[in-house]
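> Build me a structure from this.
(chains A and B)
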Amino acid sequence: MKVIMHQPRREIEVSGPRSVKALLNRLDMVSESVLVIRGDEILTDDVRLHPDDVIEVRPVISGG
Amino acid sequence: MKCRVCRERAVISVRRHNAGFCRPHFIEHIHRQVARTISDHHMFGADDRLVLGVSGGKDSLALWEILTVLGYRVDGVYLDLGIGEYSSDGLRFSRQFAAERDLSLRVVDLGSDHGFSIPEAARFTSRVACSACGLSKRFLLNEAAAEMGYDVLVVGHNLDDEAAVLLGNVLRWEVDYLARQRPVLPTSDGGLVRKVKPLLRVAERETAAYAVLRGIRYEIEECPMAAGNTINRYKEWLNRLEEQSPGLKARFLLGFLDRGAAYFPPDPPELLACGECGRPTPGETCSFCRLKKVTVLRIAGRSA
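Numbers count the residues shown, from 1 in each chain, chains lettered A, B, ... in the order given. Predicted coordinates:
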């Protein structure tokens, strides 16, 4: 699947993870630090992912 | 995962409440959390004139939306700190938000009003960028609120911001800072405007989710000067702990405010008028004017 990352903005290919939780584990991220978004939907950790998904992993931490 | 309220599909899990929420019930939950914080801490009333520090990021824009929905009339003030594209994007998102909702936004420009930018302050003084930025924002927001006659300055500090600052203050036993870490910082006779933090019970992830679910466009990329920022590192540590122990951040912060803060009573110093700007300061010259003086002198020295 294609994963859109930020800070800096970039796209990476990730294959294998079948759930949001598994994707975050693969990226060594915790769900408290990001929103995982598909289209205009925010996804909870248990949502199943598909190989042709485009997923945005949006960080929520900011220094303000 | 199902919504705790209606059993429809949840769009967000709030693990510290052991709950999932669908879009409408999450939005309702956030409104309730903020209304409760305002009420519990007697932050402001319907007749107070409110001004919000707006950055174009998720927290300040989400808070502007929440307060407006709750029925408060809140004006915004945006500080242009001269941080290149980051500042111009923040201003664009803030202006767009205000225009779409017919809200009033005032822009304060550090460069044209004071002759320097935050990157220049970081380059020409011994302060790191985030320190120069923090003190400039505190000064400029208070100055704008005082000059325009507002009763209350509202800031978008969320639960994670406050928990991370608390962690830093505890790790270094900064007792003076612990005495000032409160949801409401009162008005002072010398010209400090009452400052309040209504997002105290709302986690950073929740303000981001709220912004996305309300269709609010905001600055996603982090400030380029904040790379390696200590507070962000503390936030990441706390989130790793939160993952193992949901609710830890809220217990840490709200427990401090409820039971720990009393051990660190406020002991406000006597404030004098700054010899340069006239704003309140415990010394002869306030830290903003000292920063400005050194930076502007060095900029002039470079260009001479």
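
> for chain A, what are the nearby residues on the stretch 151-300 of chain B?
B:156-157, B:160-161, B:203-205, B:207-209, B:212-213, B:220-223, B:226, B:229, B:231-232, B:235-236, B:239-240, B:242-243 (CB under 8 Å from any CB of the partner chain). (Each C-beta comes from the backbone N, C-alpha and C, glycine too.)

> Quickly list what B:Asp75 is bridged to.
Counting by DSSP bridges, B:Asp75 forms beta bridges with B:Val51.

> Can you check what pLDDT the model gives the residue in the stretch 51-200 of chain B positioned nearest to chain A?
Distance from chain A to each residue of the stretch 51-200 of chain B (CB to the nearest CB) is smallest for B:Gly57, at 5.6 Å. Per-residue confidence for B:Gly57 comes out at a pLDDT of 96.

> Contacts only, for it.
Each residue near B:Gly57 by CB atoms under 8 Å, 6 or more residues apart in numbering or on different chains is listed here: A:Ser62, A:Gly64, B:Gly90, B:Gly156, B:Tyr218, B:Glu219.

> The third one in helix, strand or coil?
Following DSSP: H, G, I helix; E, B strand; the rest coil, we place B:Gly90 in the helix state.

> And the helices in chain A, which stretches?
A:20-26 (DSSP state H).

> How about the residues of it by chain B?
Residues of chain A lying near chain B (CB under 8 Å from any CB): A:6-9, A:30-35, A:37, A:41-46, A:58-64.

> Select only the buried ones of the residues you listed in ChimeraX?
Listed next is the ChimeraX selection for buried residues among the residues of chain A next to chain B, using 16 or more other CB atoms under 10 Å in any protein chain shown:
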select /A:30,31,32,33,34,35,37,42,43,44,58,59,60,61,62,63,64
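
> Surely B:Arg9 and B:Lys2 touch.
Yes. Judged on CB atoms under 8 Å, B:Arg9 makes contact with B:Lys2 at a distance of 6.8 Å.

> just the strands in the stretch 101-250 of chain B please.
Remark: strands assigned in the stretch 101-250 of chain B by DSSP state E, counting those that start in this stretch are B:105-109, B:152-154, B:184-185, B:194-196.

> What lies in contact with the first one?
Yep, that's strand B:105-109 we're talking about. Against strand B:105-109 from outside (CB under 8 Å, 6+ apart): B:54, B:75-80, B:82, B:91, B:94-95, B:98, B:140, B:144, B:148.

> Tell me how far that strand lies from the chain's centre.
Computed by CA atoms, centre = their mean, to the nearest Å, the chain-centroid distance of strand B:105-109 equals 16 Å.

> And for stretch B:89-101?
18 Å.

> try stretch B:217-226
Worked out by CA atoms, centre = their mean, stretch B:217-226 lies 14 Å from the chain centre.

> Quick one: mean pLDDT for that stretch?
92.

> Stretch B:167-186 too?
96.

> Likewise for stretch B:280-297?
So the average pLDDT for stretch B:280-297 ends up being 95.

> Now do the buried residues in that stretch.
Here stretch B:280-297 shows B:Pro280, B:Thr281, B:Cys286, B:Ser287, B:Phe288, B:Cys289, B:Arg290, B:Leu291, B:Lys292, B:Val294, B:Thr295, B:Val296 as buried, counting by 16+ other CB under 10 Å.

> Please flag which of those residues sit within strands.
B:Pro280, B:Thr281 (DSSP state E).

> Go through the buried residues of stretch B:280-297 and say which is closest to B:Arg172.
B:Ser287 (18.7 Å; CB to CB).

> Could you measure from that closest one over to B:Ala132?
Per CB to CB, to the nearest Å, B:Ser287 is found 10 Å from B:Ala132.

> Residues in a beta bridge with residue 12, which ones?
Unless you meant another one, I'm taking chain A. A:Val3.

> wait, I meant chain B there
Residues in beta-bridge contact with B:Ile12 (DSSP bridges): B:Phe21.

> Give me the distance between it and B:His114.
Distance from B:Ile12 to B:His114, by CB to CB: 41 Å.
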